[in-house]
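Undergrad: Output the structure for:
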Amino acid sequence: MIHDSVSDLRQNLPAFLKRVQACEQLQVTSRGQVIARIAPERDPAAGARQWLLDLRDRVSLGEVVLGLADHEWSGDADIL
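TA: Numbering: from 1, shown residues only. Below is the predicted model:
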């Protein structure tokens, strides 16, 4: 994580924003105290996609579906 003062941020804003865009986080300090954090925007859909990709290596869809096939479902029998 990058730690820089407000004055450094003002003087070098484009450079800092490029670093944030490259997935670095920035802490802005004033008189030695952290007053703000700047972080890259996170896309919730991308996070969900990555979670599913990680899950793909550990879980087989057949495990879930086969477990359901053993049970008789009658929850919508009155509609049919």
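
Undergrad: Where does the prediction get shaky in the chain?
TA: In the predicted model, the chain carries pLDDT under 70 at residues 60-78, 80.

Undergrad: Where do the strands of it begin and end?
TA: Assigned by DSSP state E, the strands in the chain fall at 2-5, 26-30, 33-38.

Undergrad: how about those strands in a markdown table, adding mean neighbour count and distance to residue 19?
TA: In short, each C-beta sits where N, CA and C put it, glycine included. Converted to a markdown table, those look like this (neighbours: other C-beta atoms under 10 Å; distance: least, C-beta to C-beta, whole Å):
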| stretch | mean neighbour count | distance to residue 19 |
| --- | --- | --- |
| strand 2-5 | 14 | 6 |
| strand 26-30 | 16 | 7 |
| strand 33-38 | 11 | 9 |
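
Undergrad: And those strands: which comes nearest residue 55?
TA: Among these, the nearest to residue 55 by C-beta to C-beta is strand 33-38 (29.7 Å).

Undergrad: and the angle for the closest one with strand 26-30?
TA: 150 degrees (axes from the mean of the first three to the mean of the last three C-alpha atoms, to 10 degrees).

Undergrad: if we can go back for a sec, let me have the strands of the chain in a markdown table, extended by distance to residue 51.
TA: Listed next are the strands of the chain as a markdown table, based on distance: least, C-beta to C-beta, whole Å:
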| stretch | distance to residue 51 |
| --- | --- |
| strand 2-5 | 27 |
| strand 26-30 | 26 |
| strand 33-38 | 24 |
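
Undergrad: in stretch 7-16, what counts as buried?
TA: Residues 9, 16 are the ones in stretch 7-16 that count as buried (16 or more other C-beta atoms under 10 Å).
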